[in-house]
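**Student:** Kindly generate the corresponding structure for this input.
(one chain, ligands or ions: 1)
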Amino acid sequence: MSLILDGKALSEKIREEIRQEIEGYLSKGFRPPTLAVILVGDDPASQVYVANKEKACHKVGIRSLSYRLPQNTTTQELLELIAQLNADEEVDGILVQLPLPSHINQQEVILSISPKKDVDGFHPENMGRLVARMEDGFIPCTPLGIDLLLNHYGIELKGKDVVIVGAGFIVGRPLSLLMLWRDATVSVCHIYTKDISEYTKRADILISATGVPKLIKSHMVKEGAVVVDVGISKVNGKILGDVDFEEVKEKAYAITPVPGGVGPMTVTALLLNTLKAYKKRIKA
Ligand code: NAD
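**Tutor:** Predicted structure coming up:
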């Protein structure tokens, strides 16, 4: 039985620290940090994610401005709202929940967010800062949350073989850059990789972010590896990760549960990014 990397417990600890820091600013007369949250359409999973993020904001003292736009919103209408929020001195962060409906030009939307308010870290300027290892950018929330979790449990990355399964824009790709920043040797697998187990068996740290339930089986994992499960799939009303938890927990040194692992850490990273944007804005 392996060590459980408890993202829920670590999140509670970090969020309490964030709450106290914000309380300190408010007591000095500063305005509260403010995050604008935009959701287009009525995708049920996105609605749950956005509600969770807003609830987490309120608990730590971040003001959230909620924009719920109808499914038939045009790219132009969304760009106009973002321009208005970019110009608003009291807005520190702008989050546009992805995926957007397919008729909206997602790239154009991401490009339109001021990099200084891009707390999701998806603007190419922030992705570039991640490549350049510049501390002042915003690192995408899921990779940042994973990094915080591994660091908290003292899991060394330098010189280790990190294998990432999944090369998506939100998780796999930016995570590979962050793991390189931490001096790991990084392999990234995806749907066209010939045999992912050839890679996963070598991993000291195996991170899966595909959305394929129970893709990672025990025989694909090295004895004593650290296994991080990013996947979230709903199967018969149950939330499942990418990792066959019951099997793999017997072989791994440490493993994240789903739920309660990477999910809460992603939201915590969003709070941290928003606080970072706020501190720069008020020049604290
Ligand atoms: P995505 O669709 O952008 O990327 C999926 C990646 O997985 C692609 O690179 C694809 O090639 C790869 N892939 C798919 N099937 C594969 C297979 N059989 N073998 C190897 N590679 C395969 O998805 P995403 O946005 O990166 O999200 C991935 C998963 O992570 C989803 O389940 C999503 O819900 C979850 N997610 C969780 C959090 C969290 O906070 N826990 C945050 C973001 C995303």
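
**Student:** quick one: what helix or strand has Met178 in it?
**Tutor:** Careful, residue 178 is Leu and not Met. Using DSSP states H and E, Leu178 maps to helix 172-181.

**Student:** which ones are touching the residue of the stretch 101-250 of the chain found nearest the ligand?
**Tutor:** Ranked by C-beta to the nearest ligand atom, the top residue of the stretch 101-250 of the chain for proximity to the ligand is Gly168, at 2.4 Å. Backbone N, C-alpha and C define where each C-beta goes, glycine included. For Gly168, the contact set (C-beta atoms under 8 Å, 6 or more residues apart in numbering) comprises Ala209.

**Student:** and what of the one 5 residues further on?
**Tutor:** The contact partners of Arg173, taken as C-beta under 8 Å, 6+ apart, are Ala167, Val188.

**Student:** The same query, at a cut-off of 10 Å, please.
**Tutor:** Neighbouring residues of Arg173 by C-beta atoms under 10 Å, 6 or more residues apart in numbering: Met127, Leu130, Pro140, Pro143, Ile164, Gly166, Ala167, Val188, His190, Ala209.

**Student:** Quick check: the gap between Gly261 and the ligand.
**Tutor:** 7 Å (C-beta to the nearest ligand atom, to the nearest Å).

**Student:** same check, this time on Gln84
**Tutor:** For Gln84 relative to the ligand (C-beta to the nearest ligand atom), the value is 27 Å.

**Student:** Is it correct that that residue is in contact with Glu77?
**Tutor:** No. Using C-beta atoms under 10 Å, Gln84 makes no contact with Glu77, being 11.0 Å away.

**Student:** Check the secondary structure at the closest residue to Pro259 other than its chain neighbours for me.
**Tutor:** Distances taken as C-beta to C-beta, 6 or more residues apart in numbering place Ile239 nearest to Pro259, at 5.5 Å, with adjacent residues excluded. Following DSSP: H, G, I helix; E, B strand; the rest coil, Ile239 is assigned to strand.

**Student:** give me the beta-bridge partners of Ile239?
**Tutor:** Listed beta-bridge partners, Ile239: Lys234 (assigned using DSSP bridges).
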